[in-house]
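Student: Next one to model:
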Amino acid sequence: MVTKQIVVMLKNGLHSKTAQDFIKKASCFTSEINVIRHNKIVDGKSLLGLLSLGIVNGSVVAVSAEGSDEKEAVELLTSYLKSKDS
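Tutor: Numbers count the residues shown, from 1 in each chain. Take a look at the predicted model:
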């Protein structure tokens, strides 16, 4: 299992559009992906789960993955959450 904690830099946080983009990227991986905020763990491939975390710009979250492509998944997904363009 690989886990990485980051500060979200998305301009408007993780709202429906950016959450859908995150899910599209996460779904490319076979690993089980979770996003953690305030000790709440949700499936990284679930729109309702992600939106329930209330992730805004500046939120501290952790992304974890377990499976054959876990390293690549965590790197890509945390890079997306740290991008300022979305």
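Student: Can you pull the poorly scored residue ranges out of the protein?
Tutor: 85-86 (pLDDT under 70).
Student: What ranges does the chain have for its strands?
Tutor: 2-7, 32-37, 40-43, 60-66 (DSSP state E).
Student: Next, the angle from the second one to strand 2-7.
Tutor: An angle of 30 degrees separates the directions of strand 32-37 and strand 2-7 when computed by axes from the mean of the first three to the mean of the last three Cα atoms, to 10 degrees.
Student: Distance from strand 32-37 to the middle of the chain?
Tutor: In terms of Cα atoms, centre = their mean, to the nearest Å, the centre of strand 32-37 is set 7 Å apart from its chain centre.
Student: What strands line up against that strand, and which way round?
Tutor: strand 40-43 (antiparallel), strand 60-66 (antiparallel) (DSSP bridges).
Student: Would you map the helices across this protein?
Tutor: 16-26, 47-52, 70-82 (DSSP state H).
Student: by contact count, what packs against the shortest one?
Tutor: Think helix 47-52. Where contact means 3 or more Cβ pairs under 8 Å, 6 or more residues apart in numbering; DSSP states H and E, helix 47-52 is packed against helix 16-26, strand 40-43. For the C-beta atoms, the positions are set from N, CA and C on the backbone; glycine is no exception.
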